[in-house]
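Undergrad: just a sequence and a predicted model for now, questions to come.
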Amino acid sequence: MKKILLILLLLFSINFIYAEDANVSSIYPTTIGEMSTTVTLYGQGTISGLKEGEEAKFQTITFQSTPLQNVKIIKEELIVDGEIFYPSNLLDKFGNKYVLFNITKNGNFSYEIIADINVIAATPELIDLNINNPNDVVKQYTLPSEKVESDSIEIINLAKNKLVTNNFIDTLNTTILWVNDYVEYAKGDEFNKYYLQQKSAVETLLNRKGVCDEFANLATALLRAKNIPTKLAIGITYDGTNWGNHAWLEVYNEKINAWIPSDPTFRETGFVDATHIKMGSFSDVSLSLAKATYPSTANVSFDTQSKLPKVEIKNLKYFNLVTLSTKEQEIKANTWNEIKVQITNNTNRILNAPISIKENYTEMFFQEKRKTEILAPNETKEISFKIFPIIELEENQIAKGILTFNSLSEPIKQNITISKNELSKNGEMVIEDITPITHEGLLLIQMKATNYFNADKQIDYNVTSPSFTTTQNEIIPKFSSKIIEVKIDNYKNENYLIQIQTPTSIYTQTITTSKQELITPKPLEKQTVAEQKIDPTDANNNGEILSKNPLILMIGILIVVGLLLLGLFWTNKRYV
């Protein structure tokens with residue numbers, strides 16, 4: 001009898017035992033229910049042109065205790081060429097806490113904020129309701145803002161086709177999961193590009209790419225378009241590799257009179273894990289930026305992201321909201337197999353439970369690595385993941401490996417054994433998403449197709465309406481996804497029927513559209529005067545506009561004179 005050869009696909013496994021000097025690269029964020037850390041924030045800048053008796057004011061957001069976040073400030077100081085300045089604290093209109101430094105010296109400066117922070121994951125109870133008009137206290141969070149164009153025709157048509165119910169939980173889940181699937185997380189050089197700027201919801205919809213700000217802005221726009229009050233939250237979190245600045249969102253549920261966090265970047269719906277260290281929440285993420293005021297003869301420049309935040313983990317605890325169970329399974333090479341795991345809700349309330357497979361194999365192709373299940377109180381469900389091992393084995397060879405399942409609990413590992421199998425022709429072609437985008441008179445229908453066959457396959461599709469028709473086909477390479485686009489110039493206010501024929505199924509979907517002129521936009525949310533840039537040319541520009549119309553020339557002249565007189569009393573400060 002021939003000797004059996006064991007092929008080890010994974011040379012090492014991740015150790016999930018934590019200590020004070022734990023290797024943070026082993027953390028899967030969604031599993032963490034509580035965390036104690038020491039966090040350090042850094043920033044730097046330059047002040048020049050201050051005269052004796054003058055000062056510059058610099059403010060930036062700091063950490064604040066909440067019912068789920070205990071903060072002990074260790075250090076808050078700013079140093080200008082060796083001289084230390086200590087801050088006072090202030091709250092903005094949203095209740096967020098800032099440090100305010102009054103600086104009386106020119107030179108290069110740096111600052112540090114150090115705090116011991118214990119975070120308990122925010123996992124509020126999910127209670128469903130029909131979406132209604134919000135009360136006056138939270139209504140401001142349904143309005144459009146600078147980066148959240150929830151009244152734009154792009155977002156209105158998107159919400160109309162994606163969020164088809166008036167159900168709170170369904171709308172929240174659909175939004176978070178769709179944005180997570182739709183937007184590609186920027187990597188490499190593109191990551192730096194997006195990390196240092198903030199693209200709006202509409203820009204993100206058109207670009208399909210971004211980092212946390214872009215994910216949060218697009219999700220917030222969709223939810224506000226459905227009349228759900230939604231805030232933008234900012235802070236620090238761990239992405240599985242690095243700690244960094246982060247943005248997520250909070251939605252208001254009137255039945256429990258509470259804000260429910262969710263994270264479209266992390267695919268966390270109805271909760272956020274304990275790696276989310278919150279610093280504040282806003283109607284628009286742009287309002288979280290640091291600010292400086294100074295005399296017009298001086299200058300201040302600063303960089304609040306000169307270094308990534310430093311986070312030292314002291315203690316971690318896993319969630320215990322669910323129990324995962326599985327057993328070793330034998331699967332076949334070069335064909336689709338089902339890997340099954342049971343998940344049980346350990347609570348007496350409804351849970352949105354994410355479950356995912358973490359693996360490091362290039363020889364395996366998964367149909368889905370991440371799922372989200374709604375679990376009733378104490379309910380148990382069996383979840384299946386499809387896996388295709390792409391590996392050639394001899395007759396008496398087997399391969400062994402380990403899969404890790406992550407959810408709202410301690411991760412569990414499952415051993416797998418792979419045996420020889422002839423190349424299978426089974427598979428599936430899935431239409432993952434159909435998204436209509438309306439922009440400047442153009443209707444763009446995007447169809448995402450994924451080929452789960454081990455061979456290239458063709459799909460046939462047609463789009464028809466009373467005024468438009470097209471029939472086309474597309475080849476989708478094996479084990480890959482492709483986005484197919486149909487462009488319709490000067491689209492009409494009508495229904496468009498989409499039919500897609502794949503090797504395994506037929507997909508049919510109808511989309512509806514509106515034109516911009518049929519929509520009455522809501523006014524943009526205004527910032528407070530203290531948060532606006534003061535432009536001394538505003539008065540002159542207003543005068544020029546008025547002077548172009550002879551019927552109101554005299555009124556224009558009077559307004560200009562009034563503004564010029566008012567300018568004499570205007571504060572001599574600028575905002576950055």
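TA: Great, that's in hand.
Undergrad: how about low-confidence regions in the stretch 351-500 of the chain?
TA: By pLDDT under 70, the stretch 351-500 of the chain has no low-scoring segment.
Undergrad: and the strands in the stretch 101-250 of the chain, which stretches?
TA: Along the stretch 101-250 of the chain, counting by DSSP state E, counting those that start in this stretch, strands occupy 107-120, 184-185, 209-210, 230-238, 243-253.
Undergrad: so can I have a markdown table of these showing mean neighbour count and distance to residue 422?
TA: For every residue, glycine as well, the C-beta is placed using N, CA and C. Output for the strands of the stretch 101-250 of the chain, formatted as a markdown table (neighbours: other CB atoms under 10 Å; distance: least, CB to CB, whole Å):
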| stretch | mean neighbour count | distance to residue 422 |
| --- | --- | --- |
| strand 107-120 | 18 | 52 |
| strand 184-185 | 14 | 36 |
| strand 209-210 | 22 | 40 |
| strand 230-238 | 24 | 43 |
| strand 243-253 | 23 | 47 |
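Undergrad: closest to residue 386 out of the ones you listed?
TA: Minimum separation from residue 386 across the strands of the stretch 101-250 of the chain (CB to CB) falls at strand 184-185, 22.6 Å.
Undergrad: for the closest one, give me every contacting residue.
TA: 208, 209, 210, 211, 215, 265 (CB atoms under 8 Å, 6 or more residues apart in numbering).
Undergrad: what pLDDT does the third one get?
TA: As summarised for this prediction, residue 210 has a pLDDT of 93.
Undergrad: what does the fifth one give?
TA: Reported pLDDT at residue 215 in the predicted model: 97.
Undergrad: try the last one
TA: According to the model's per-residue confidence, residue 265 sits at a pLDDT of 96.
Undergrad: show me the contacts for it.
TA: Contacts of residue 265 by CB under 8 Å, 6+ apart are 180, 185, 211, 212, 215, 216, 239, 246, 247, 248.
Undergrad: the first one: neighbour count?
TA: By other CB atoms under 10 Å, 20 other residues sit near residue 180.
Undergrad: residue contacts, it?
TA: Taking CB under 8 Å, 6+ apart as the criterion, residue 180 is in contact with 215, 264, 265, 266, 267.
Undergrad: let's go with 6 Å and repeat that
TA: Taking CB atoms under 6 Å, 6 or more residues apart in numbering, we find residue 180 in contact with 264, 267.
Undergrad: before we move on, the earlier item: of the contacts of strand 184-185, closest to residue 28?
TA: Once CB to CB is applied, the member of the contacts of strand 184-185 that ends up nearest residue 28 is residue 265, at 14.5 Å.
Undergrad: which helix or which strand is home to the closest one?
TA: Using DSSP states H and E, residue 265 maps to neither a helix nor a strand.
Undergrad: quick one: it and residue 493, what's the gap?
TA: Note on residue 265: its distance to residue 493, by CB to CB, to the nearest Å, is 34 Å.
Undergrad: equivalent analysis for residue 222, please.
TA: 21 Å.
Undergrad: so these two - more neighbours on which side?
TA: It is residue 222, of residue 222 and residue 493, that has more neighbours when counted by other CB under 10 Å, with 28 against 10.
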